[in-house]
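[1] requesting a structural model of the entry that follows:
(2 chains)
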Amino acid sequence: MGASLLGRLAQGALVVLFVVATCFALIRLAPGDPFFRALDEASVPAEVRAAQLARFGYDRPIPEQFARYLGNVVRGDLGWSHSRGQPVAQAIATALPATLLLVGTAGLLAFVVGVSLGAWSGWHADRPIARGIDRGAMLLLSIPDYLLALLAVMGPALAWGLFPVGGARTEFGPTGLLGLVDRLHHLVLPVLALALPIAAVVTRLQHAAMRDVRDAAFIRTARANGVPERRIRWRHALRNALVPVLSYGGVQVAAALSGVVVIERIFAWPGMGRLLYDGVLSRDYPLIAGGVLVAAIGTVLGTMVADLAIRWADPRQRNA
Amino acid sequence: MSLPSRDLDAPMPRLARLRPTLLLLLALGCGPSDRAGGGTVIIASPADTETLIPALRTTVTGRMVTELLFDQLIELGPTLNPFGDAGFEPRLAARWSWDSDSLALAMTLDDDARWHDGRPVVAADVVTGYRVIMDPTNGSPIRSEITDLDSVTVRDERTAVLHFKSRTAEPFVTAAAVVPLPSHLIDTIPAGALATSAFAQQPVGSGRYRLVAREPKARTEFAAVTDHYRGRPGPDRLALVVAPDPATGIAKLWAEEADVWDNLPPTEVAAAAAHPQVRLIQAAGWDYTFIAFNYRDPSDTARAHPLLADHAMRAALSHAVDREQLVRALFDTLARPLLGPFVRAQFTADTTLAPPAFDTTAANRLLDSLGWTARDRAGIRRRGGRPLRLRALVPAPSANRVRASVLVQEQLRRVGVDLVIEKLEGQAFGAARDAGTFDLVFHGVGTTPSVRGLRTTWASRTPAGNGRLNAGNFRDTTVDASLEAGLTALDPERTRTQIRTAYRRVIDDAAAIWLYEPVQVAGVHRRFVTPAWRSDAWWRTIGEWRLDPAATRLARDARPTAP
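    Residues are numbered from 1 along each chain as shown, chains lettered A, B, ... in the order given. Sure thing, here's the model as predicted:
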């Protein structure tokens, strides 16, 4: 187990290195550079631009830049964000908790709701209400996430005034306990907009897996051995049926660390998605590299956690 | 001043009867004047400032934020006349005078001007502001705006002298661009390290608002400087809140989560009727859009363009575009067809000028005369077996220009021209435009009351590194001469005449298809009473905003408690 984990960690480190190196090179090959806006608009002499590029080492060959970058990362220096005017580590330290809160809450909600609904409807797949849940999930899945988010802004927030339109908190709003309530209030719509499509996928996956498992031989055996129905359903059936959901969920939540751009843009949520999106638009090389590094580590760790969960759910995987 | 007479037998006015109560309220710090002042203004914006240092700003949001934090020596007033000093108002400089050689401008600082840390603003701070701009390691974009300035020196503690290389039409525009910076904090920062310094993240300014907190790309919070030399500003607090998606930002205005959105699109202007708490303010626009023709061959910029170097071709294309219809389709009444390389709000604008009129008969006749007579089955003209096809660069992030390009494409198709639209992401668009690899480019220009920017958009010879804004490589000696004569004339009327000559020449040469200049429509919460809206820089009067005593305050308007 320990050797396997170490192996996975080494494999993960290589994946992270490959992803960061690829992004590092690709963004430098794209047109523009970090000083595109600052030094082009008002026609700054070319030597000023060249001096700035040299100052940050952007005039060096890409492999040399990457080697220097890795050296700096090892020393804990992720560089300077040109577009934000602050160290990259500081920018990530501000954005990452916001995204973790959003993604974590949405992921938890999506899995609790999705697994519960999917497991119940899959076990009772012949009932009309179960078929309704499955089709409802299908319907929800077919709505693009940006549309769902915009509808949330226009309806519950703007038309009905139930929730704030955007942001992570009320400007000059309450502090202390009321401040916490205010933050939770701001969290509701982005979490729902993010969680509902994931919950729909989880519901459908769980529904299908549970439906397949309920007629499996080991369930019939357990039933013949007199195992209580409740224990069969939740202990034996659900545990087996969780495997595809855990597999999907690990990747989905980890990928969401860097991929909730649309939700963060629409709800003006100051997280990692916006950080990376703004970084790419402004060719903020260090910010992109730092953001990709964190996202890649998150994805690798998320996948590993999902694998561990799958091993817990399916003993056959432990020896695989 | 005498008081108005009052009938002593008349009943005591209601206000006077309430005097003891009023005195009590005043004593508690919430009297009538207090009610009118104060409040919190939340400015929603799709973009954040790129810097907090005036010398490093490049965008309109950057201008707004840095002008809130730092006062200029002098400021262009509401007349928007950039020539001479008649249109300028004192700020950090209380007064100014020319030396006898007419090249040295002595600026005497206001005795009460202070930095936010309490230190007085001194002449050395003006020198520091100038030095930061001129230091190439800082990469200040302002440097190219003050090329007429030779040096800045200290005459005494309260007097800085700006030495010009020669007298120009806009010396006070230059003086306004040199924003004093606190020498006691800046001078210790190593060369080239200003942008990454602690000062750049938490600057100490001289403006009517000081920085309280900042989360880049999310929010910037300001507090009123209560003992400011220009007087305490009205609103106690300001916040710039970034909403990257305009729909969300504007929805925040409708939902009273924000108080200002300074440039509403036409669709949202119509929606404002459903939100009575928002007042719409219309002002002249300073942005304009045109289609620049490339005079050089995209495949070899050393050669003239095989089609567009011909005036007849450019004129034909200009005649083929119905600008009135295009403006109506895109903006309804919230824009006007552009007259030339200027906006109507500029001091030098000439509304008697007229670009080629929409006339498809003239366009067809010109194209026929150039030998493009055959047509293929799609109706596209051909000559020597080649279709009349032109490639247009369009920036994908600009929704208006993308929509305009589709309309222009259809209008040109009607006269047999195949316009291929190439939509590119912001930086890729800029790179392609600068490389000159296009036939036409949908160009957007944000202009200012100053006309010196014409040098970078329409003059042949520009200083090293300049010229990128002259995307089409327009070259004309008459325009060059008129611009130089205008920008060096000391008589405002002569300057205006010369600049108008340059405008006329650019238009007559059919250097571009002049599309539109949108008007600005700002949405502002009604509880604020605002002075006359400055179309070029609305934030400059934000210190004069007052809460309407008759309006209901919001929770955020409560006066902040002292730290």
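
[2] tell me how far stretch B:231-242 lies from the chain's centre.
    Here stretch B:231-242 shows a centroid-to-chain-centroid distance of 21 Å under the convention Cα atoms, centre = their mean, to the nearest Å.

[3] scratch that, stretch B:453-463
    The answer for stretch B:453-463 is 18 Å, by Cα atoms, centre = their mean.

[4] using PDB, write down the CA coordinates of that stretch.
    The C-alpha trace of stretch B:453-463 is given here as PDB (Å, rounded to 0.1, in the frame of the first residue of the first chain):
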ATOM      1  CA  GLY B 453      -2.600  61.900 -29.700                       C
ATOM      2  CA  LEU B 454      -3.200  62.700 -33.400                       C
ATOM      3  CA  ARG B 455       0.600  62.400 -33.800                       C
ATOM      4  CA  THR B 456       0.400  58.700 -33.000                       C
ATOM      5  CA  THR B 457      -2.700  58.000 -35.000                       C
ATOM      6  CA  TRP B 458      -2.300  60.000 -38.200                       C
ATOM      7  CA  ALA B 459       1.300  61.500 -38.400                       C
ATOM      8  CA  SER B 460       3.900  59.900 -40.700                       C
ATOM      9  CA  ARG B 461       6.900  60.200 -38.500                       C
ATOM     10  CA  THR B 462       6.500  59.400 -34.800                       C
ATOM     11  CA  PRO B 463       9.100  58.900 -32.100                       C
END
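
[5] give me the neighbour count for the residue nearest to residue B:313 when sequence neighbours are not counted.
    Sequence neighbours aside, residue B:307 is the residue nearest to residue B:313 in space, at 5.3 Å (criterion: Cβ to Cβ, 6 or more residues apart in numbering or on different chains). The C-beta positions use only the backbone N, C-alpha and C, and glycine is treated the same way. By other Cβ atoms under 10 Å in any protein chain shown, 19 other residues sit near residue B:307.

[6] over to residue B:142?
    23.

[7] grab the nearest non-local neighbour of it.
    residue B:133 (4.8 Å).

[8] and the residue nearest to residue B:313, what is it in contact with?
    Residues near residue B:307 by Cβ atoms under 8 Å, 6 or more residues apart in numbering or on different chains: B:313, B:388, B:390, B:439.

[9] nearest to chain A among the residues you listed?
    Checking these against chain A with Cβ to the nearest Cβ, the nearest one is residue B:439 at 19.1 Å.

[10] give me the phi and psi for the closest one.
    phi -100, psi -40 (degrees, to the nearest 10).

[11] wait, isn't residue A:153 in contact with residue A:165?
    Yes - if you go by Cβ atoms under 8 Å, residue A:153 and residue A:165 touch, sitting 5.8 Å apart.

[12] more neighbours: which of those two?
    Neighbour totals were compared for residue A:153 and residue A:165, and residue A:165 leads with 30 against 26 (other Cβ under 10 Å).

[13] got phi/psi on that one?
    Dihedral angles for residue A:165 - degrees, to the nearest 10 - are phi -70, psi -40.

[14] check contacts around it.
    Here residue A:165 is in contact with A:153, A:157-158, B:248, B:251-252, B:255, B:257 (Cβ under 8 Å, 6+ apart).

[15] can you list the low-confidence ranges for the stretch 201-320 of chain A?
    Across the stretch 201-320 of chain A, the ranges flagged by pLDDT under 70 are A:254-255, A:257-259, A:317-320.

[16] repeat that for the stretch 1-150 of chain A.
    In the stretch 1-150 of chain A (pLDDT under 70), the answer is A:1-2, A:37-46.

[17] mind listing the strands for it?
    Along the stretch 1-150 of chain A, counting by DSSP state E, counting those that start in this stretch, strands occupy A:80-81, A:86-87.

[18] from those, which stretch is densest packed?
    strand A:80-81 (a mean of 25; mean count of other Cβ atoms under 10 Å in any protein chain shown).

[19] counting neighbours, what do you get for residue 106?
    Here I'm looking at chain A. Residue A:106: 25 neighbours (other Cβ under 10 Å).

[20] hm, I was asking about chain B
    For residue B:106, using other Cβ under 10 Å, the count is 18.

[21] is it true that it touches residue B:94?
    No - using Cβ under 8 Å, residue B:106 is not in contact with residue B:94, being 11.7 Å away.

[22] just the pLDDT at the closest residue in space to residue B:388 that isn't next to it in sequence, thanks.
    With sequence-adjacent residues excluded and distances taken as Cβ to Cβ, 6+ apart, residue B:388 is closest to residue B:381, at 4.2 Å. On the pLDDT scale, residue B:381 is placed at 97.

[23] how close does residue B:381 sit to residue B:434?
    According to Cβ to Cβ, to the nearest Å, residue B:381 stands 30 Å off from residue B:434.

[24] and those two? which has more neighbours close in?
    residue B:381 (22 against 14).

[25] that one bridge partners, please.
    Applying DSSP bridges to residue B:381 gives these bridge partners: residue B:375.

[26] now do the one 10 residues further on
    For residue B:391, the beta-bridge partners are residue B:420 (DSSP bridges).

[27] so it sits against residue B:441, correct?
    No - in this structure residue B:391 lies outside contact range of residue B:441 using Cβ under 8 Å: 9.7 Å.

[28] neighbour count: the two, which is higher?
    Relative neighbour count places residue B:441 above the other of residue B:391 and residue B:441, with 26 against 17, counting by other Cβ under 10 Å.

[29] so who does residue A:188 touch?
    Neighbours of residue A:188 in contact, by Cβ under 8 Å, 6+ apart: residue A:163.

[30] how close does it get to chain B?
    According to Cβ to the nearest Cβ, to the nearest Å, residue A:188 stands 15 Å off from chain B.

[31] for the closest residue to chain A within chain B, give me its contacts.
    Here chain B gets closest to chain A at one residue, residue B:427, 3.0 Å apart by Cβ to the nearest Cβ. Counting by Cβ under 8 Å, 6+ apart, residue B:427 makes contact with A:30-32, A:36, A:281, A:283.

[32] select from these the one having the most neighbours.
    In the contacts of residue B:427, the most neighbours by other Cβ under 10 Å go to residue A:283, 23 neighbours.

[33] what sits in contact with each of residue A:153 and residue A:165?
    B:248, B:251.

[34] burial measure for residue B:505, as a count.
    By other Cβ under 10 Å, the burial measure for residue B:505, its neighbour count, is 20.

[35] so it touches residue B:478, yeah?
    Yes - between residue B:505 and residue B:478 there is a contact at 4.9 Å, judged by Cβ under 8 Å.

[36] please, which helix or strand holds residue B:365?
    Take DSSP states H and E as the rule and residue B:365 turns out to sit in helix B:360-369.

[37] mind checking the pLDDT average for that helix?
    Here the average pLDDT along helix B:360-369 is 97.

[38] and it, which residues are buried?
    B:362-364, B:366-367 (16 or more other Cβ atoms under 10 Å in any protein chain shown).

[39] contact partners of that helix?
    B:312-313, B:315-317, B:319-320, B:356, B:381, B:388, B:414-417.

[40] and the strands in the stretch 151-300 of chain B?
    Counting by DSSP E, counting those that start in this stretch, the strands of the stretch 151-300 of chain B are B:159-164, B:209-215, B:219-224, B:237-242, B:260-261, B:278-283, B:287-293, B:296-297, B:300-304.

[41] please identify the deepest-packed of those.
    strand B:260-261 (a mean of 24).

[42] and chain A, is that strand touching that?
    No - Strand B:260-261 stays clear of chain A (Cβ under 8 Å from any Cβ of the partner chain), getting no nearer than 12.1 Å.

[43] and residue 95, what is it in contact with?
    Defaulting to chain A. A:270-272, A:274-275.

[44] hm, I was asking about chain B
    Taking Cβ under 8 Å, 6+ apart as the test, what residue B:95 contacts is residue B:108.

[45] many thanks, have a good one.
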